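Participant: Kindly return the folded structure for what I paste below:
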Amino acid sequence: MRIFAEKFYAGRMKRFFTLLFFQVILILSAKSQTTVNETYPRAWAGNSVNAVIFRKNALVTYDSIQFVAYYSSEGYLCLGRRKVNGAQWEIRQTQHTGNIHDAHNAISIMTDGDGYLHVSWNHHGSPLSYAKSLSPLSLDLGGRQAMVGAPEQNVTYPEFHKLPNGNLIFMYRNGQSGKGSLVMNMYDVRAKQWQRLHENLIDGEGQRSAYWQACVDAKGIVHLSWVWRETPDVASNHDMAYACSHDGGKTWTSSQGKAYRLPITARTAEYVCHIPQGSELINQTSMYADTEGNPYIATYFKEADTDIPQYHVIYRDGSGWKTLNANFRKTPFSLKGAGTKSIPISRPQVVVSEADGKKQVVLVFRDEERGKKVSVATCTDIPANRWSVGDITTYSVGEWEPTYDTELWKSRRMLQVYVQRVHQVDGEGISSLPPQPVSVLTIPLALPE
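Facilitator: So this is what the prediction gives:
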């Protein structure tokens, strides 16, 4: 196991931001038995299936044990565990496989309140693939099983979220791009059983579908935001809508507390930012809620007076919804077509760093104009929309997108991201890039001054 430390400092960031990161190398095993590894890991990298942003999660921590999941180059679902920041990973190649040639088919993991690992994988309009560990903190998975039952035959974008009581929420799209609905299940950790909360929480009414991002804040409020897509073409993405739940996903309101009549539709949704079609608006990004429960939605799109897509943060404070335009990008590009795209920038991951009532918005991203490195942008003065940008790695990560250990951030305020160089060919193509090392990058963030 090698631990790399690299100190990053930028003159423009003197007042507020110093990044120190440690890159810890994981080991991947091609064997079927459990092994402890001390060499570079290598996982499938011929597309971005191991490194898409909608993995919820690639890394997850329970107490002091951290888990990781990835596909091997043969398509096996592999799991690993270690003590947080430990030097050795215990790796298990499971009996389950996935179609690694489709970058939609990402692996999502989460631990429940008792430490059982829940895993879902291999979905793009396909039957549900879900399994649970045989015992707490175990890497041994049981066989595929149903959760609740129909509709579980046309599943895409599965993701887990943990509630403060240890229960889990599971979301997925039922249907297809431009014509889908959002299904939500809840796992009762005491009963050890799944139940259906909503078969159609957000309804595209057969004309569109919602591409969402979600988070659970420290108070247990579930925050949900989404763009609408009218067709399979990504260029038809438009607008940003919002809803939240104060009772674990059962009932939903607007940000002002107005109860939604379910399902939520394009007509009844609360719109927090109006963005027309053709604005290079991306789907399935990230969101976060601060300690006061204020939501922050990270995305990118271009404004009417420019052809350069910029990272934006749509957020709510005591006076209502506002939008920050980070406005540091220099190069234009255009989103068109269906399937997984090869895009010069990643979708952004967002967290908020807080101290003594002060806040900083932190975006983790990758941009071709910065050499496709892991980069961080920090809004150190939110009212003034003041940003600083720096690169964390010296090497390219290809078409990687950031995912982080949400539970480790909640419990210890440690920001650890899954990093792997991958190459995504436009429109679900497969590249010749051989298996690449996987690493965990720790980014300790300076507290706001």
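Participant: Need the pLDDT of the closest residue to residue 42 other than its chain neighbours.
Facilitator: Closest residue in space to residue 42, ignoring its immediate chain neighbours: residue 435 at 3.8 Å, by C-beta to C-beta, 6 or more residues apart in numbering. Using the backbone N, CA and C atoms, a C-beta is placed for each residue, glycine as well. pLDDT for residue 435: 96.
Participant: wait, residue 435 sits on residue 74?
Facilitator: No - assessed by C-beta atoms under 8 Å, residue 435 is found out of contact with residue 74, at 9.7 Å.
Participant: Any figure for the gap between residue 264 and residue 444?
Facilitator: Per C-beta to C-beta, to the nearest Å, residue 264 is found 38 Å from residue 444.
Participant: thought residue 407 was touching residue 162?
Facilitator: Yes - with contact defined as C-beta under 8 Å, residue 407 reaches residue 162; the gap is 6.6 Å.
Participant: Those two: who's more crowded?
Facilitator: residue 162 (24 against 19; other C-beta atoms under 10 Å).
Participant: What residues are bridge-paired with that one?
Facilitator: Beta-bridge pairing of residue 162 under DSSP bridges involves residue 168.
Participant: which residues touch it?
Facilitator: Residue 162 sits next to 110, 111, 112, 113, 168, 169, 216, 407 when contact means C-beta atoms under 8 Å, 6 or more residues apart in numbering.
Participant: so what's the nearest residue to residue 333 once chain neighbours are set aside up against?
Facilitator: Spatial nearest neighbour of residue 333, chain neighbours left out: residue 344 (5.2 Å); criterion: C-beta to C-beta, 6+ apart. With contact set as C-beta under 8 Å, 6+ apart, residue 344 has these partners: 331, 333, 367, 368, 369.
Participant: any chance of these in JSON lines, with secondary structure and pLDDT too?
Facilitator: Shown next, in JSON lines, are these (DSSP: H, G, I helix; E, B strand; the rest coil; pLDDT from 0 to 100):
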{"residue": "331", "secondary structure": "coil", "pLDDT": "96"}
{"residue": "333", "secondary structure": "coil", "pLDDT": "94"}
{"residue": "367", "secondary structure": "strand", "pLDDT": "98"}
{"residue": "368", "secondary structure": "helix", "pLDDT": "97"}
{"residue": "369", "secondary structure": "helix", "pLDDT": "97"}
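Participant: tell me which of these is nearest to residue 390?
Facilitator: Nearest to residue 390 among the contacts of residue 344, counting by C-beta to C-beta, is residue 367 at 12.0 Å.
Participant: picking that back up, now restrict the contacts of residue 344 to buried residues only.
Facilitator: residue 367 (16 or more other C-beta atoms under 10 Å).
Participant: Redo the contacts of residue 344 as JSON lines? Include distance to residue 319.
Facilitator: Formatted as JSON lines, the contacts of residue 344 follow (distance: C-beta to C-beta, whole Å):
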{"residue": "331", "distance to residue 319": "34"}
{"residue": "333", "distance to residue 319": "34"}
{"residue": "367", "distance to residue 319": "32"}
{"residue": "368", "distance to residue 319": "37"}
{"residue": "369", "distance to residue 319": "34"}
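Participant: Kindly indicate which of the contacts of residue 344 lies nearest residue 127.
Facilitator: The nearest member of these to residue 127, counting by C-beta to C-beta, is residue 333 at 35.4 Å.
Participant: The closest one contacts residue 309, correct?
Facilitator: Yes - look at residue 333 against residue 309 with C-beta under 8 Å: they come within range, at 6.5 Å.
Participant: The closest residue to residue 396 other than its chain neighbours - how many residues pack around it?
Facilitator: Leaving aside its sequence neighbours, residue 396 sits nearest to residue 372 (C-beta to C-beta, 6+ apart; 4.1 Å). Residues lying near residue 372 (other C-beta under 10 Å) number 21.
Participant: how far away is residue 361 from residue 353?
Facilitator: In terms of C-beta to C-beta, residue 361 sits 8 Å off from residue 353.
Participant: re the thing from before, the residue nearest to residue 396: helix or strand, and which one exactly?
Facilitator: Of the helices and strands defined by DSSP states H and E, none includes residue 372.
Participant: Identify the contacts common to residue 333 and residue 309.
Facilitator: Counting by C-beta under 8 Å, 6+ apart, the common neighbours of residue 333 and residue 309 are 280, 345.
Participant: what separates the residue lying closest to residue 178 once chain neighbours are set aside from residue 103, distance-wise?
Facilitator: Nearest residue to residue 178, sequence neighbours excluded (C-beta to C-beta, 6+ apart): residue 231, at 4.6 Å. Counting by C-beta to C-beta, the gap between residue 231 and residue 103 amounts to 20 Å.
Participant: Neighbour count for those two, which is higher?
Facilitator: residue 103 (24 against 16).
Participant: correct me, but residue 380 touches residue 360?
Facilitator: Yes - in this structure, residue 380 is within contact of residue 360 by C-beta under 8 Å, at 5.5 Å.
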